[in-house]
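Visitor: sequence plus the predicted model coming up.
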Amino acid sequence: MPFELTSEAHDLLAWNISNEVVNGFRVEPFSERIGVSVDDFKSIALRLRSQTASSQLLLTDQETQIYCNALGIVIEELGDDEFQTRTGHEYEYGLFLLQQLSQSLPSNRS
């Protein structure tokens, strides 16, 4: 079941979280922690970035898992002190979105 992104979630994931895990700090081993290779992750991010807020913004189950992993890593790495400064989004919103992504994963659906 696709996960529908709000414009705020789209901005946070497609731009800020993607930038942090690719350029902000080292994620090792990337494929194991994120769930895909760096090149595959960049392709997914580019697809998301090409979508406009006026279109329906959806993540597949696999993309939801990938971004759940990436967001969790960024939250852990940056913490409350740096999250808003580096992403432009409230730390609490990051936690909220992480919970929503996690709950929407097939393994967590009731």
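Guide: Done, it's in.

Visitor: contacts, neighbours, all on C-alpha from now
Guide: Noted.

Visitor: now the residue nearest to the spatial centre of the chain: closest residue in space that isn't a chain neighbour?
Guide: Among the residues of the chain, the one closest to the centroid is residue 67, at 3.3 Å (C-alpha atoms, centre = their mean). Counting by C-alpha to C-alpha, 6 or more residues apart in numbering, residue 67 lies nearest to residue 13, which is 7.0 Å off, once chain neighbours are set aside.

Visitor: what's the answer for residue 106, then?
Guide: residue 61 (7.2 Å).

Visitor: in the protein, what residue spans correspond to helices?
Guide: In the chain, the helices defined using DSSP state H lie at 7-10, 18-19, 30-34, 38-50, 61-87, 91-104.

Visitor: buried stuff in the first one?
Guide: Burial within helix 7-10, assessed by neighbour count using 16 or more other C-alpha atoms under 10 Å, is assigned to 9-10.

Visitor: quick one: distance of that helix to the chain centre.
Guide: 10 Å (C-alpha atoms, centre = their mean, to the nearest Å).

Visitor: can you give me the neighbour number for the residue nearest to residue 67?
Guide: By other C-alpha atoms under 10 Å, 24 other residues sit near residue 13.

Visitor: for the remainder of this discussion, apply numbering that starts at 18.
Guide: Got it, the first residue is 18 from now on, which makes the last one we talked about residue 30.

Visitor: with residue 95 as the reference, measure out to residue 38.
Guide: 11 Å (C-alpha to C-alpha, to the nearest Å).

Visitor: comparing those two, which residue is more hemmed in?
Guide: Neighbour tally, residue 38 and residue 95, criterion other C-alpha under 10 Å: the higher count belongs to residue 38, 20 against 17.
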